[in-house]
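A.B. asks: Below: sequence and its predicted model.
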Amino acid sequence: MTILASGTRAWTFRAARANIRIYGYEEAWRQPARLLADLFEFLNVDAAFRVDTSRKRLERRAPRLVALSCFLKRHEIWYPLRSLVPPRLRPALSKLAFRRGNPLAMEPADRQYLIDYYREDIQRLASLLDRDLSAWLRRG
C-alpha cells in the first residue's frame, strides 16, 4: 500500500470515522460556500459565520524577470528586500514583478506515467473512502 491509501487508512484507525472529514480539492472549491458550510458544521462553528472568498490568494504567478528573481532568491536577497517594502506598496509592486499565468499543463506522457504509477493506490483510496476517484485515472 502506498502513501495515499496507507496514510488515510492510518487516520481512520486512530479516530472514529465520524471524526474525520476528507475533501477533494477540485470538487470542494467549485462551490466554496458549500464547502465552508459543511466544514463549519463539522467543526461546530457558528453557522452564521461567513468567510470572504472573493479575494484569490496563492494563485499561480510567474516572475516577469526570471533571471533577476532567481538571482535574488539564490543569494538570499529576495526576502530581506521584500521586508523593506512598506505593506501598503506590496500589492502594486507585486503586480509589477509578477504576471498571472495560465494553469500549468502536464505533458500527456507524464500524466500517463503518474496514472500508471498510482493506479493501484488510487483504487485502494477510492475503496477506503467509498468515493468514485475514476476521474483521477483518466488521461485528461
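C.D. replies: That came in fine, so what should we check first?
A.B. asks: by contact count, what packs against the lengthiest helix in the chain?
C.D. replies: Looking across the chain with DSSP state H, the single longest helix is helix 108-129. Packing partners of helix 108-129 (3 or more Cβ pairs under 8 Å, 6 or more residues apart in numbering; DSSP states H and E): helix 3-14. Every C-beta, even on glycine, is put in place using the N, C-alpha and C of the backbone.
A.B. asks: Tell me, what's the model's pLDDT at residue 105?
C.D. replies: In this prediction, residue 105 carries a pLDDT score of 79.
A.B. asks: for it, helix, strand, or coil?
C.D. replies: Following DSSP: H, G, I helix; E, B strand; the rest coil, residue 105 is assigned to coil.
A.B. asks: How about the contacts made by it?
C.D. replies: With Cβ atoms under 8 Å, 6 or more residues apart in numbering as the criterion, no residue contacts residue 105.
A.B. asks: How much space separates it from residue 111?
C.D. replies: 9 Å (Cβ to Cβ, to the nearest Å).
A.B. asks: And residue 22, by the same measure?
C.D. replies: Distance of residue 22 to residue 111, given as Cβ to Cβ: 23 Å.
A.B. asks: Residue 43 now?
C.D. replies: 35 Å.
A.B. asks: Please enumerate the helices of this structure.
C.D. replies: Per DSSP H, the chain carries helices over the ranges 3-14, 25-30, 32-42, 66-74, 78-84, 90-97, 108-129.
A.B. asks: where does the chain dip in pLDDT?
C.D. replies: 1-17, 103, 140 (pLDDT under 70).
A.B. asks: Geometric centre of it: which residue is closest?
C.D. replies: Centroid-nearest residue in the chain: residue 25, 6.5 Å away (criterion: Cα atoms, centre = their mean).
A.B. asks: coming back round to it: compile the helices of the chain into CSV and extend it with columns for distance to residue 57.
C.D. replies: Shown next, in CSV, are the helices of the chain (distance: least, Cβ to Cβ, whole Å):
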stretch, distance to residue 57
helix 3-14, 26
helix 25-30, 12
helix 32-42, 12
helix 66-74, 20
helix 78-84, 16
helix 90-97, 12
helix 108-129, 27
